[in-house]
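Trainee: Everything below, folded, please.
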Amino acid sequence: MAKLWAIIKREYLERVRSKWFLIATFFGPIFFSAIIIVPAWLASKSTATTDVYNTTILDATGTGFGHRLAVNIAGDTTVPGRMPIVKVVAPSELTQAESLATREVMRKEKSGYVVVNQQTLAGESARYAGTNATSIADMTQIKSAIRQTILGTRLEKVGLNDQQMKEITFIPLDFSTERITERGRAGSGMASVLFGFAIGFLLYLSIVVYGQTIMSGVLEEKTTRVAEVVMSSVPTDTLLAGKVLGVGAVGLTQQILWIATTYILLQLRAPIMAKLGAPTMNFSLPDISLGAGILFLLFFLLGFIFYSSLYAAVGSSVNSESEARQAASPLMIMIVSTGVFIQPVLLNPTGTTARVLSLVPISSPIIMPIRMAVTGVPPLEMAASLAFLAIGCVAALWLASRIYRVGLLMYGKRPTMKEMARWVSYAR
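Mentor: Reported below is the predicted structural model:
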């Protein structure tokens with residue numbers, strides 16, 4: 001036990017003291033907070049420009065549709081006297097009118113022009129051409145104004161006045177969702193989805209990054225012959241367990257620091273958003289009990305042990321970094337295939353796919369915590385998932401320790417799967 005603790009301590013301190021660990025730990029929460037703050041700030045800045053008012057409306061409807069459209073486009077302008085120019089043209093003259101409008105845009109006299117005709121009145125089509133055609137905000141405002149004008153025209157036909165039309169069409173709906181669990185109200189439903197995605201992403205990232213760290217460390221010790229010296233005084237099973245647990249503790253420490261600092265930054269989001277000039281979002285973390293937090297940690301540790309032991313086996317069986325990347329491809333495929341199912345599980349956390357993936361050791365370390373974050377999972381399913389994952393960890397450690405024991409002392413060409421199977425039999 002003293003040797004195991006010494007290895008765990010060495011692996012832990014060696015990585016925690018590195019500058020890259022400190023950099024990743026510091027910038028991680030900033031990155032996660034930016035995911036929430038930056039989109040809101042950009043959205044607040046993504047407003048239509050004054051170019052939408054410097055346009056020409058070519059009205060070929062013969063109904064005065066263009067004048068109503070100009071009013072709707074200019075309805076929220078703060079610049080007095082700015083409104084799109086309306087040119088009423090006959091359908092037969094529309095092509096020539098478009099050519100003239102195009103030349104005006106080319107001479108930078110106008111930003112663009114809108115073409116409305118009988119197809120527009122029918123709600124089928126409308127066209128815009130201009131220098132700001134790639135501006136999403138501008139095109140959204142023009143499209144919204146066209147929809148509003150079409151609706152107003154239709155309502156006017158049935159005898160409604162402007163005030164009645166506003167009362168019918170203006171619906172300032174504020175729709176919110178709240179999750180209810182067996183313990184009662186559990187906060188915003190959308191917050192639970194975002195939290196579940198964050199949990200899945202963190203577990204996925206940690207397993208990939210630190211699993212490959214173990215593989216690279218084992219390979220380095222093998223190529224520099226350090227492993228031969230260590231194995232003379234420490235059993236290979238103890239050496240493997242110490243590496244996996246030590247690096248796993250590093251990953252766990254980083255996740256705890258990430259979660260704590262991200263929580264603090266989210267609490268400070270209101271003054272940050274105010275300084276950026278962006279609207280403050282009503283975002284609250286879901287209600288996570290102490291028991292659920294402990295289960296999250298258990299799934300992380302067991303999943304990390306499962307994959308890290310296999311990564312260590314890969315590192316001990318190869319002789320170079322290029323061989324290691326190729327040999328680790330099956331493990332990456334397993335992890336990536338799990339990541340592909342994160343979104344479907346978030347959309348339907350109680351479906352058959354989510355329930356099956358929660359029981360398979362390959363995917364359960366990531367999928368089950370996501371389900372726990374977004375919905376209530378029956379205790380029997382959680383117990384079964386933990387049991388299968390624990391069995392998977394024992395099997396992975398058993399297989400990895402036998403490959404590890406022989407692979408550290410084997411040099412030369414990369415072993416085949418058949419040779420690695422013989423290593424397992426040799427190490428009995």
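Trainee: Tell me which residues touch residue 108, please.
Mentor: residue 131 (Cβ atoms under 8 Å, 6 or more residues apart in numbering). Using the backbone N, CA and C atoms, a C-beta is placed for each residue, glycine as well.
Trainee: where does the stretch 301-428 of the chain dip in pLDDT?
Mentor: Residues of the stretch 301-428 of the chain meeting the criterion pLDDT under 70: 407, 409-417, 419-421, 423-428.
Trainee: after the lowest-mean-pLDDT helix or strand in the chain comes which helix or strand?
Mentor: Here the helix or strand of the chain ranked lowest by mean pLDDT, DSSP states H and E is strand 184-188, holding a mean of 49. Proceeding N to C from strand 184-188, the next assigned helix or strand is helix 189-223, under DSSP states H and E.
Trainee: what about the helices in the stretch 201-350 of the chain?
Mentor: 226-231, 236-267, 269-276, 290-317, 321-327, 329-340, 342-347 (DSSP state H, counting those that start in this stretch).
Trainee: so residue 236 touches residue 404, yeah?
Mentor: Yes: taking contacts as Cβ atoms under 8 Å, residue 236 lies within contact range of residue 404: 5.8 Å.
Trainee: between those two, who's got more neighbours?
Mentor: residue 404 (26 against 20; other Cβ atoms under 10 Å).
Trainee: The stretch 51-200 of the chain: helices as residue ranges?
Mentor: So, for the stretch 51-200 of the chain - with DSSP H, counting those that start in this stretch - the helices run 65-73, 94-106, 118-121, 136-157, 162-169, 189-223.
Trainee: In terms of mean pLDDT, which of these ranks lowest?
Mentor: Note on the helices of the stretch 51-200 of the chain: lowest mean pLDDT is at helix 162-169, with a mean of 68.
Trainee: Tell me how many other residues surround the nearest residue to residue 309 once chain neighbours are set aside.
Mentor: Nearest non-adjacent residue to residue 309, counting by Cβ to Cβ, 6 or more residues apart in numbering: residue 400, 3.9 Å away. For residue 400, the count of nearby residues is 24 (other Cβ under 10 Å).
Trainee: Buried residues, the helix or strand encompassing residue 400. List them.
Mentor: Residue 400 is part of helix 379-407, with elements assigned from DSSP H and E. Going by neighbour count (16 or more other Cβ atoms under 10 Å), the buried part of helix 379-407 is 382, 384-386, 389, 392-393, 396-397, 400-407.
Trainee: again, but for stretch 291-305
Mentor: 292, 295-296, 298-305.
Trainee: Okay, buried residues for stretch 339-356 please.
Mentor: So, applying 16+ other Cβ under 10 Å, buried residues of stretch 339-356: 339, 341-342, 345-346, 349, 354-355.
Trainee: again, but for stretch 84-95
Mentor: 84-86, 88-89.
Trainee: so of the residues you listed, which ones are in strands?
Mentor: Among these, the residues falling in strands (DSSP state E) are 85-86, 88.
Trainee: From the residues you listed, pick the one nearest residue 261.
Mentor: Nearest to residue 261 among those: residue 85, at 54.5 Å, using Cβ to Cβ.
Trainee: shouldn't the closest one be in contact with residue 58?
Mentor: No: taking contacts as Cβ under 8 Å, residue 85 lies outside contact range of residue 58: 9.9 Å.
Trainee: what's the span of stretch 120-130, first residue to last?
Mentor: One end of stretch 120-130 sits 19 Å from the other (Cα to Cα, to the nearest Å).
Trainee: re the thing from before, from the buried residues of stretch 291-305, which is closest to residue 16?
Mentor: The closest of these, once distances to residue 16 are taken by Cβ to Cβ, is residue 304, at 16.0 Å.
Trainee: check contacts around the closest one.
Mentor: Here residue 304 is in contact with 206-207, 210-211, 244, 248, 251, 365 (Cβ under 8 Å, 6+ apart).
Trainee: In CSV: those, plus distance to residue 117.
Mentor: CSV is the format used below for these (distance: Cβ to Cβ, whole Å):
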residue, distance to residue 117
206, 58
207, 58
210, 62
211, 61
244, 70
248, 67
251, 62
365, 59
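Trainee: For these, which two are the farthest from each other?
Mentor: 244 and 365 (14.0 Å).
Trainee: in stretch 6-16, what's buried?
Mentor: Buried residues in stretch 6-16 (16+ other Cβ under 10 Å): 7-8, 11-12, 15.
Trainee: hang on, residue 72 packs against residue 151?
Mentor: No: with contact defined as Cβ under 8 Å, residue 72 does not reach residue 151; the gap is 10.1 Å.
Trainee: Counting neighbours, go ahead and name the busier of those two.
Mentor: residue 72 (19 against 14).
Trainee: Please report how far that one lies from residue 157.
Mentor: Distance, residue 72 to residue 157, using Cβ to Cβ, to the nearest Å: 17 Å.
Trainee: Just give me the closest of the buried residues of stretch 339-356 to residue 143.
Mentor: residue 346 (30.1 Å).
Trainee: Minimum distance to residue 145: which of the helices of the stretch 201-350 of the chain has it?
Mentor: Using Cβ to Cβ, those put helix 269-276 closest to residue 145, at 28.7 Å.
Trainee: Now that closest one: average pLDDT?
Mentor: Mean predicted lDDT for helix 269-276 stands at 63.
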